[in-house]
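>>> Starting from these lines, generate the structure:
(one chain, ligands or ions: 1)
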Amino acid sequence: MTLSLRPYEDADWPDLLALWIETWSLARPDIDFTARTPWLAGLFKDSLAGGARIVVAADAAGPVGFVLFDPARSWLEQIAAHPRAFGTGAAKALLGQAKEACPAGLRLDVNADNGRALAFYRREGFERVGKGRNPLSGLPTLTLEWRPPSSAGLKTRETPPS
Ligand SMILES: CC(C)(COP(=O)(O)OP(=O)(O)OC[C@H]1O[C@@H](n2cnc3c(N)ncnc32)[C@H](O)[C@@H]1OP(=O)(O)O)[C@@H](O)C(=O)NCCC(=O)NCCS
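This next block holds a predicted model:
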């Protein structure tokens with residue numbers, strides 16, 4: 001698969017929405033993700049207005065995944081790959097874009113029972129630093145952090161200079 005990575009454009013919305021619904025419905029068939037369309041639309045709009053970035057991965061047939069992250073907060077908000085792109089390296093390439101834009105490190109929340117995502121993040125160098133609950137579903141979540149080898153970490157970076 002020849003993959004390209006590029007910034008999000010408004011024209012990507014229908015494809016990204018469709019792949020987000022399809023991949024999340026596979027992971028959690030008990031949740032109606034189509035009903036969350038207004039939530040995702042608001043997240044895209046507000047995140048981009050606030051300075052966050054969306055990178056799209058596409059092959060010859062169109063978008064196969066995206067990552068939404070905020071470098072100012074060192075926060076990864078969303079990453080999703082279409083099921084046909086699972087295991088192809090598309091998600092790893094998208095995560096690489098977020099890491100590159102967040103050189104001090106990166107944090108995220110993941111559902112505690114999302115085995116595939118947890119294995120993916122662990123393989124890509126993330127470690128557990130906290131826990132919480134998903135504000136939409138109420139399900140337990142874990143907060144994970146990636147720190148580049150040369151970084152002292154996000155906690156240290158957040159300490160005000162003396
Ligand atoms: C999470 C996601 C982006 C990862 O992309 P991916 O292409 O599936 O990831 P990879 O195939 O590179 O890695 C997945 C790993 O999980 C493993 N895995 C697959 N199913 C698993 C399961 N049920 N439990 C545990 N591990 C599992 C795979 O073997 C692989 O590990 P390996 O490379 O060491 O063999 C993608 O699966 C996705 O979009 N999922 C739905 C949305 C989602 O969960 N997003 C993240 C929310 S925080």
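>>> these two touch, right, Leu43 and Leu68?
Yes. Using Cβ atoms under 8 Å, Leu43 is in contact with Leu68, at 7.4 Å. Using the backbone N, CA and C atoms, a C-beta is placed for each residue, glycine as well.
>>> neighbour count winner among the two?
The residue with more neighbours, out of Leu43 and Leu68, is Leu68; 23 against 15, by other Cβ atoms under 10 Å.
>>> Is the more buried one in contact with Gln78, as I believe?
Yes. Using Cβ under 8 Å, Leu68 is in contact with Gln78, at 4.3 Å.
>>> quick one: contacts of the longest helix anywhere in the chain?
Criterion DSSP state H: the longest helix present in the chain is helix 13-27. Identification of contacts with helix 13-27 by Cβ atoms under 8 Å, 6 or more residues apart in numbering yields 8, 31, 33-34, 37, 40-41, 44, 56, 62-66, 78, 80-83, 114, 116-117.
>>> Could you list the low-pLDDT ranges of this protein?
When residues are selected by pLDDT under 70, those of the chain lie in 152-153, 155-162.
>>> go again using 50 as the cut-off
Where the chain drops to pLDDT under 50, the residues are 156-162.
>>> Just want the angle from the lengthiest strand in the chain to helix 13-27.
As assigned by DSSP state E, the longest strand anywhere in the chain is strand 62-70. Counting by axes from the mean of the first three to the mean of the last three Cα atoms, to 10 degrees, strand 62-70 lies at 90 degrees to helix 13-27.
>>> from the chain's centre, how far out does the helix or strand that strand 62-70 is followed by sit?
Downstream of strand 62-70, the next assigned helix or strand under DSSP states H and E is strand 75-81. Distance of strand 75-81 from the chain centroid (Cα atoms, centre = their mean, to the nearest Å) equals 1 Å.
>>> Repeat that for stretch 109-121.
That offset, for stretch 109-121, works out to 11 Å (Cα atoms, centre = their mean).
>>> Repeat that for stretch 72-81.
The mean C-alpha position of stretch 72-81 is separated from the chain mean by 4 Å, Cα atoms, centre = their mean.
>>> Any part of that stretch near the ligand?
Yes. Judged by Cβ under 6 Å from any ligand atom, stretch 72-81 and the ligand are in contact via Ile79, Ala80, Ala81.
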